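A.B. asks: The following block contains a protein sequence and its predicted model.
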Amino acid sequence: MQRAYMDHAAATPVRPEVLEAMLPFFVERFGNPSAVYDLGSEIKAVMEEQRGQVARLIGARSDEIIFTSSGAEANNLAIKGLALATFLKRGKHLIVSAIEHHSVLNSARFLEKFFDFEVTFLPVDRYGRVDPERLKQALTPATVMVSIGHGSNEIGTVQAIPDLVAVCRAAGVPFHTDAVATVGQAPVDVNELGVDLLTISGPALGAPKGIGALYFRNKLRLVPQLNGGIQENGRRGGTENIPGIVGLGRAAELAWQELDEKAVYLAKLRDLLIAGVRKNMPEVLFTGHPEKRLPGHASFCFEGIEGEALIFLLSSQGIYANTGSACASKALKTSPVLGAIGVKPEVAQGSLVFTLSRANREEEVHHVLKHLPPAVEKLRSFSPVWRKKMAAGAGA
Amino acid sequence: MYSEMVMNHFNNPRNAGVIEDADGVGEVGNPQCGDMMTFYIKVKDDTLVDVKFQTFGCVAAIAVSSLVSEMAKGKKLEEAKKITNKLVAETLGGLPPNKMHCSNLGAEALTLAIKNYQEKSVATHKAGAA
């Protein structure tokens, strides 16, 4: 059966080249990089090489990269680490956007609950973009930092980070961006963006789960969130995950080589998918920004149906995608991102998200375009919500 | 995640549709919360001669509606009212814990449809007697 795996934001297979690079570091080259003898110092050298690869991918210096266990940990370290290092001097106010990843939102709520921070959750426009003017108005003398994600894995929108950074720079407020959705998908340069901290996830690049990184401008102080030894210059305790670090380094190296070509390829597939859905399907809401979006991201809401049911119908055709529907979430809550861009809850239920990778092919997009319309039609055929909508439409 | 029985009913829902001249209609849930079910019934001699449903919701909600319609069809009204959410969930081979509420909706919508029929027939009787 033709298969079309298009849920790469949830999980991406490890690239064979990455796995190959990692393998010697489990059994043969097992040394601890903190050890002073050659078995250790060799590993330390390898680790620093990988740090250089990650740094190069985003235009940073190697000593500005901290390895973490995930993008989520990097977000925690950036937000809690910086806020707790600076609040005595600056104050207890923090700004994040309303459409951030849970690791950002909940780090902010943690500071709110246990450290009496005041958190501003900045609203976004109907495309999911933060208005720099609104950010400017939200800044106070007590603002310790601002965290606004680069790209949204839920609606595909990419923020105008340089414009947002400019506002913060003028006020001397550090800026963090969660770039899990963009690094490796589109060119990302910390100096062009102007950010002070930036989060990277390994799996998004084809490295294994369990590795991530945080970029931070060297002058910044960060309180470690994982207390331990002086690994990562004292900013993150725990013996380094060398196989993971080697995997991330190799994945970053490959991403750097392929970047421009990859973004063009993904955008072509994405546009084919979006155009096909728009052409053949009635009553579909396209979510996120039409142009300022991730190259491999297409997201929709189909009125009158529920996303989990749609996901199951599609998966029986070998099509794998995601949804922000309440029924598909463990907490039974609709995606707050869709709420923030003004999608009505009953429409948000019908959300469907495709995240592509370089492994996807045009035939797979055609496979989706063939099976998506009948799946939506089937669910609408016995949907009371759709029936009411059609009856209202006919009466109007 | 779901049992074979759930997937079977989800993939081939029994009795999905609308009865235009239904004797009773029951509607529960609302689309904002993610689930909405409408049950339509035809009654003859206190027996459910036809049952149809429409459902907006997840895999579990659709499977529950389908099974409830199948269980209810051909039953006497009083028997059909005894279809409980527990029985529905058990017959489906279990539901994930966070989907148990879906099993309530099916039985509830059917019961509401029966109630709607009974209220209407009482009203008709009264109108006939007057």
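C.D. replies: Sure thing, it's come through.
A.B. asks: what's the neighbour count on the nearest residue to B:Thr84 once chain neighbours are set aside?
C.D. replies: The shortest distance from B:Thr84 to any non-neighbouring residue, by C-beta to C-beta, 6 or more residues apart in numbering or on different chains, is to B:Ala107 (6.0 Å). C-beta coordinates here come from the backbone N, C-alpha and C atoms, glycine included. Number of residues near B:Ala107 (other C-beta atoms under 10 Å in any protein chain shown) recorded here: 25.
A.B. asks: State the helix or strand in which B:Ala107 lies.
C.D. replies: Using DSSP states H and E, B:Ala107 sits in helix B:100-129.
A.B. asks: Packing partners of that helix?
C.D. replies: Packed against helix B:100-129, as judged by 3 or more C-beta pairs under 8 Å, 6 or more residues apart in numbering or on different chains; DSSP states H and E, are the following elements: strand B:24-30, strand B:35-44, helix B:59-72, helix B:77-80, helix B:85-91.
A.B. asks: How about the contacts made by the most centrally placed residue in chain B?
C.D. replies: For chain B, B:Leu110 is the residue whose C-alpha lies nearest the centre (C-alpha atoms, centre = their mean; 3.6 Å). B:Leu110 is in contact with B:Gly26, B:Phe39, B:Ile41, B:Val51, B:Val68, B:Ser69, B:Ala72, B:Ala80, B:Ile83, counting by C-beta atoms under 8 Å, 6 or more residues apart in numbering or on different chains.
A.B. asks: Give me the pLDDT for the third one.
C.D. replies: Okay, so that is B:Ile41. In this model, B:Ile41 is scored at 97, pLDDT.
A.B. asks: Tell me which residues touch it, please.
C.D. replies: B:19, B:22-26, B:48, B:50-51, B:72, B:110, B:113-114, B:117 are the contacts of B:Ile41 under C-beta under 8 Å, 6+ apart.
A.B. asks: ok, those residues vs chain A, which is closest?
C.D. replies: B:Val25 (10.4 Å; C-beta to the nearest C-beta).
A.B. asks: Let me have the helices and strands packed on helix B:100-129 in CSV, extended by distance to A:Ser34.
C.D. replies: Converted to CSV, those look like this (distance: least, C-beta to C-beta, whole Å):
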stretch, distance to A:Ser34
strand B:24-30, 58
strand B:35-44, 54
helix B:59-72, 50
helix B:77-80, 71
helix B:85-91, 54
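A.B. asks: Tell me which of these sits most buried.
C.D. replies: helix B:59-72 (a mean of 27; mean count of other C-beta atoms under 10 Å in any protein chain shown).
A.B. asks: hmm, that one in reach of chain A?
C.D. replies: Yes: part of helix B:59-72 sits near chain A under the criterion C-beta under 8 Å from any C-beta of the partner chain, namely B:Val59, B:Ala60, B:Ala61, B:Ile62.
A.B. asks: what's the angle between that helix and strand B:35-44?
C.D. replies: Calculated by axes from the mean of the first three to the mean of the last three C-alpha atoms, to 10 degrees, helix B:59-72 forms an angle of 10 degrees with strand B:35-44.
A.B. asks: so where's chain A uncertain?
C.D. replies: A:330-332, A:394-396 (pLDDT under 70).
A.B. asks: which strands and helices sit next to the top helix by length along it?
C.D. replies: Among the segments of chain A that qualify as a helix by DSSP state H, the longest is helix A:242-280. Under the contact criterion of 3+ C-beta pairs under 8 Å, 6+ apart, helix A:242-280 touches helix A:16-22, helix A:38-57, strand A:65-68, strand A:284-286, strand A:297-302, helix A:362-381.
A.B. asks: one more time with 7 Å, if that's ok
C.D. replies: helix A:16-22, helix A:38-57, strand A:297-302, helix A:362-381 (3 or more C-beta pairs under 7 Å, 6 or more residues apart in numbering or on different chains; DSSP states H and E).
A.B. asks: Pull out the buried positions in it.
C.D. replies: Taking 16 or more other C-beta atoms under 10 Å in any protein chain shown as the neighbour-count basis, helix A:242-280 is seen to contain the buried residues A:242-255, A:259, A:262-263, A:265-267, A:269-270, A:272-274, A:276-277.
A.B. asks: Check stretch A:78-89 too.
C.D. replies: A:Ala78, A:Ile79, A:Lys80, A:Gly81, A:Leu82, A:Ala83, A:Leu84, A:Ala85, A:Thr86, A:Phe87.
A.B. asks: Run through the bridge partners of A:Pro147.
C.D. replies: Check again: residue A:147 is Ser, not Pro. A:Ser147 has the following beta-bridge partners by DSSP bridges: A:Val96, A:His176.
A.B. asks: Same check on the one 10 residues further on?
C.D. replies: Note on A:Thr157: beta-bridge partners by DSSP bridges are A:Arg293.
A.B. asks: surely it meets A:Glu291?
C.D. replies: No: if you go by C-beta atoms under 7 Å, A:Thr157 and A:Glu291 don't touch, sitting 9.9 Å apart.
A.B. asks: quick one, which of the two is more surrounded?
C.D. replies: More crowded of A:Thr157 and A:Glu291, by other C-beta under 10 Å: A:Thr157, with 29 against 7.
A.B. asks: Least confident secondary structure element in chain B?
C.D. replies: helix B:100-129 (a mean of 86; mean pLDDT, DSSP states H and E).
A.B. asks: Run the angle between that helix and helix B:59-72 for me.
C.D. replies: Counting by the same axes, to 10 degrees, helix B:100-129 points 40 degrees away from the direction of helix B:59-72.
A.B. asks: chain center to helix B:100-129, what's the gap?
C.D. replies: With C-alpha atoms, centre = their mean, to the nearest Å as the basis, helix B:100-129 stands 11 Å off its chain's centre.
A.B. asks: What about A:Lys388, how many residues nearby?
C.D. replies: Neighbours of A:Lys388 (other C-beta under 10 Å): 16.
A.B. asks: Report the separation between it and A:Gln50.
C.D. replies: Counting by C-beta to C-beta, to the nearest Å, the separation of A:Lys388 from A:Gln50 is 57 Å.
A.B. asks: now, which of the buried residues of stretch A:78-89 lie within strands?
C.D. replies: When the buried residues of stretch A:78-89 are checked against strands (DSSP state E), there are no matches.
A.B. asks: Show me the residues you listed that map onto helices.
C.D. replies: A:Ala78, A:Ile79, A:Lys80, A:Gly81, A:Leu82, A:Ala83, A:Leu84, A:Ala85, A:Thr86, A:Phe87.
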